[in-house]
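Engineer: Requesting a structural model of the entry that follows:
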Amino acid sequence: MAQESVDLSCDYQFWMQKLSVWDQASTLGTQQDTCVHLARFQEFLRKMYEALKEMDSNTIFERFPTIDQLLAKACWNPFILAYDESQKILIWCLCCLINKEPQNSRQSKLNSWVQGVLSHILSALRFDKEVALFTQGLGYAPIDYYPGLLKNMVLSLASELRENHLNGFNTQRRKKISLPMSAVVCLWLRHLPSLEKAMLHLFEKLISSERNCLRRIECFIKDSSLPQAACHPAIFRVVDEMFRCALLETDGAPEIIATIQVFMQCFLEALEKENKQLRFALKTYFPYTSPSLAMVLLQDPQDVPRGCWLQTLKHISELLREAVEDQTHGSRGGPLESWFLFIHFGGWAEMVAEQLLRSAAEPPAALLWLLAFYYSPHDGRQQRAQTMVQVKAVLGHLLAMSRSSSLSARDLQTAAGQDTETDPRAPAQQLIRHLLLNFVLWAPGGHTIARDVITLMAHTAEITHEIIGFLDQTLYRWDRLGIESPRSGKLARELLKELRTQV
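Structural biologist: Predicted coordinates:
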């Protein structure tokens, strides 16, 4: 108990100093510092309340002579007060200072002061004059805040009533009251739980929706307002970290990778729409990678001449390989950090296999390395080299068979080594399956055996879902880049439709 008392006194001095610094809440640095430390400060307030409730008012001021100053600084900080949990604990602490039967004028004045502060807390988020402190803290003057808020409320309610009238008060289709994007960004910057809740809501929608449908995922992501808000690096970093956690929890599930790639595309579109030039340095969005690598990846393949795609992929491979395998100049995050960056850019990541199959020349070692790294970032240098040899051999067989006048699905599977007893879940096997799928979509004779090839490959429900995901993602990318041929696109759509009816 004595140790707890000492700890609380030390914490008290620390937070008193912090609150004094936070008084300058108009600067970006203090605002960010408040958000970073808010959870710890709330825990301190809980401990403080547990101590205060065991004392009378006189004992409290003997033990903590400046407790009224500490609570006042907290109560007048709009970023602390914006969080419901902070308001609740502050009210509890203030109530401990009240004398139920004041014996002198000092105690009466203290009671009046506490009542005033409680009144401030309870009114700070209501529509009265005290709201000015909070709205100004968020960067809005009341004269701008009220008209905008009322206009949004009226328009939203009018739309809701009109829709209810047309749909027989169908509550499942009611609209929410909307906020301007600038207000949403301010909220998410200063109230982390609301941003986390928005991300969790997006994950819930993704989980409950149809698997492997990127168009629907794109709609969900855009409706969430997260790509637009992520133009601010602080929000981008939080969102990206939650995607990283989802990726690790699912052991690199293809659906999560595809979702990250769609989000990144929506984010880049929002960034381009907001400003033609980056307002923030690339390092603030991707702190663990070299700016040169980020700059290359950020190029949209649509903006690069098709004849230069192969050269760009080679350059990406060289930069990634240096970051992954060169221990002297490697990135701080190591191979997984480089891989996590690479998978964001599906336009480049999913293009490698196509480029290898559509080129009659010797497969470039840089692209073989990039393909092996993309599918299995955990591998060491020696294991990745073995995968490159295996992939090169498969590519040789496929290119030889593309010149054959008669193709069979069984021969194709044998040439790719898919008829052996290897684990189909192994990354190298997934890589080879995707090479085969690319082959039947692009090779002149591949269309005639495409269904037979898929029948031989899809011997489990999980592989069937994998093939559906591959076809859906390929069509989504072709549509964006405008690179599909009419025959290949028609075949891919037919296969996708047929497979979806089977699961």
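Engineer: Let me know the distance separating the residue nearest to H37 when sequence neighbours are not counted from G380.
Structural biologist: With Cβ to Cβ, 6 or more residues apart in numbering as the criterion, H37 has its nearest non-adjacent residue at 6.7 Å, and that residue is K18. All C-beta spots, glycine's among them, are computed from the backbone N, C-alpha and C. Computed with Cβ to Cβ, to the nearest Å, the distance linking K18 and G380 is 46 Å.
Engineer: Neighbour count: the two, which is higher?
Structural biologist: Between K18 and G380, counted using other Cβ atoms under 10 Å, K18 has the larger neighbour count: 19 against 9.
Engineer: Read off the pLDDT value for the more buried one.
Structural biologist: Note for K18: predicted pLDDT of 87.
Engineer: quick one: buried residues of the helix or strand it falls within?
Structural biologist: Take DSSP states H and E as the rule and K18 turns out to sit in helix 2-22. Neighbour-count burial for helix 2-22 flags L8, D11, Y12, W15, K18, L19, W22 (criterion: 16 or more other Cβ atoms under 10 Å).
Engineer: What segments of the stretch 51-200 of the chain are helices?
Structural biologist: Listed in chain order, the helices of the stretch 51-200 of the chain (DSSP state H, counting those that start in this stretch) span 57-63, 67-75, 78-81, 84-97, 105-123, 131-137, 142-166, 181-190, 192-208.
Engineer: Could you list the residues in contact with stretch 40-51?
Structural biologist: For stretch 40-51, the surrounding residues in contact (Cβ atoms under 8 Å, 6 or more residues apart in numbering) are 5, 8, 11-12, 15, 18, 63, 74, 80, 83, 85-86, 89-90, 92-93, 96.
Engineer: try 7 Å
Structural biologist: The contact list for stretch 40-51 (Cβ atoms under 7 Å, 6 or more residues apart in numbering) reads L8, D11, W15, E85, S86, I89, L90, W92, C93.
Engineer: which stretches of the stretch 101-250 of the chain aren't confidently modelled?
Structural biologist: Applying pLDDT under 70 to the stretch 101-250 of the chain flags the ranges 122-174, 176-178.
Engineer: mind running it again at 50?
Structural biologist: 125-131, 133-134, 161, 164-174, 176-177 (pLDDT under 50).
Engineer: Ok, the stretch 301-450 of the chain next?
Structural biologist: 328-331.
Engineer: G347 against L298, yeah?
Structural biologist: No: here G347 does not reach L298: they are 10.4 Å apart, not a contact under Cβ atoms under 7 Å.
Engineer: Who has more neighbours out of those two?
Structural biologist: The residue with more neighbours, out of G347 and L298, is G347; 21 against 16, by other Cβ under 10 Å.
Engineer: what helix or strand is P363 on?
Structural biologist: Using DSSP H and E, no helix or strand contains P363.
Engineer: how close does it sit to H232?
Structural biologist: Applying Cβ to Cβ, the value for P363 to H232 is 42 Å.
Engineer: quick one on the thing from earlier: could you dump the contacts of stretch 40-51 to JSON lines with distance to H315 and pLDDT?
Structural biologist: As requested, these are exported to JSON lines (distance: Cβ to Cβ, whole Å; pLDDT from 0 to 100):
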{"residue": "L8", "distance to H315": "57", "pLDDT": "82"}
{"residue": "D11", "distance to H315": "52", "pLDDT": "86"}
{"residue": "W15", "distance to H315": "51", "pLDDT": "90"}
{"residue": "E85", "distance to H315": "49", "pLDDT": "75"}
{"residue": "S86", "distance to H315": "50", "pLDDT": "81"}
{"residue": "I89", "distance to H315": "54", "pLDDT": "86"}
{"residue": "L90", "distance to H315": "55", "pLDDT": "88"}
{"residue": "W92", "distance to H315": "60", "pLDDT": "85"}
{"residue": "C93", "distance to H315": "59", "pLDDT": "89"}
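Engineer: of these, closest to A183?
Structural biologist: Closest to A183 out of the contacts of stretch 40-51 is S86 (20.3 Å), distances taken as Cβ to Cβ.
Engineer: which residues does the closest one contact?
Structural biologist: By Cβ under 7 Å, 6+ apart, the contact set of S86 is Q42, I80.
Engineer: circling back: can you name the two of the contacts of stretch 40-51 that are farthest apart?
Structural biologist: L8 and E85 (19.5 Å).
Engineer: follow-up on the earlier one: return the angle between stretch directions for the helix holding K18 and helix 67-75.
Structural biologist: In terms of direction (axes from the mean of the first three to the mean of the last three Cα atoms, to 10 degrees), helix 2-22 departs from helix 67-75 by 50 degrees.
Engineer: Output helix 2-22 as CSV, restricted to C-alpha atoms.
Structural biologist: The C-alpha coordinates for helix 2-22 follow below in CSV (Å, rounded to 0.1, in the frame of the first residue of the first chain):
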residue,chain,number,x,y,z
ALA,A,2,2.9,2.4,0.8
GLN,A,3,4.5,1.6,-2.6
GLU,A,4,1.2,2.4,-4.3
SER,A,5,1.1,5.8,-2.5
VAL,A,6,4.7,6.6,-3.6
ASP,A,7,3.9,5.6,-7.2
LEU,A,8,0.8,7.8,-7.2
SER,A,9,2.8,10.7,-5.9
CYS,A,10,5.4,10.3,-8.7
ASP,A,11,2.6,9.9,-11.3
TYR,A,12,0.9,13.0,-9.9
GLN,A,13,4.0,15.2,-10.5
PHE,A,14,4.5,13.7,-14.0
TRP,A,15,0.9,14.4,-15.1
MET,A,16,0.9,17.9,-13.5
GLN,A,17,3.8,18.8,-15.7
LYS,A,18,2.2,17.2,-18.7
LEU,A,19,-1.0,19.1,-18.2
SER,A,20,0.9,22.4,-17.9
VAL,A,21,2.5,21.7,-21.3
TRP,A,22,-0.8,20.7,-22.8
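Engineer: Mind listing residues that contact it?
Structural biologist: When contacts are defined by Cβ under 7 Å, 6+ apart, helix 2-22 is touched by residues 30, 34, 37, 41, 44, 47, 51, 64, 66, 70, 73-74, 77.
Engineer: If any of these are buried, put those into a PyMOL selection.
Structural biologist: Of the contacts of helix 2-22, the buried ones can be selected in PyMOL as follows, counting by 16+ other Cβ under 10 Å:
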select buried, resi 30+34+37+41+44+51+64+70+73+74+77
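Engineer: Can you name the two of the contacts of helix 2-22 that sit furthest apart?
Structural biologist: Farthest pair in these, by Cβ to Cβ: T30 and A51, 27.3 Å.
Engineer: and L71, what pLDDT?
Structural biologist: The model's pLDDT for L71 equals 91.
Engineer: How much space separates it from I80?
Structural biologist: Distance from L71 to I80, counting by Cβ to Cβ: 11 Å.
Engineer: Find the residues that touch each one of the two.
Structural biologist: With Cβ under 7 Å, 6+ apart, L71 and I80 have no common neighbours.
Engineer: Need phi/psi at the closest residue to V394 other than its chain neighbours.
Structural biologist: Closest residue to V394 apart from its sequence neighbours, by Cβ to Cβ, 6+ apart: A416 at 5.1 Å. Backbone torsions of A416, given as degrees, to the nearest 10, read phi -90, psi 0.
Engineer: what separates A416 from Q383, distance-wise?
Structural biologist: Taking Cβ to Cβ, one finds A416 at 20 Å from Q383.
Engineer: Please identify which of these two sits among more neighbours.
Structural biologist: More crowded of A416 and Q383, by other Cβ under 10 Å: A416, with 24 against 13.
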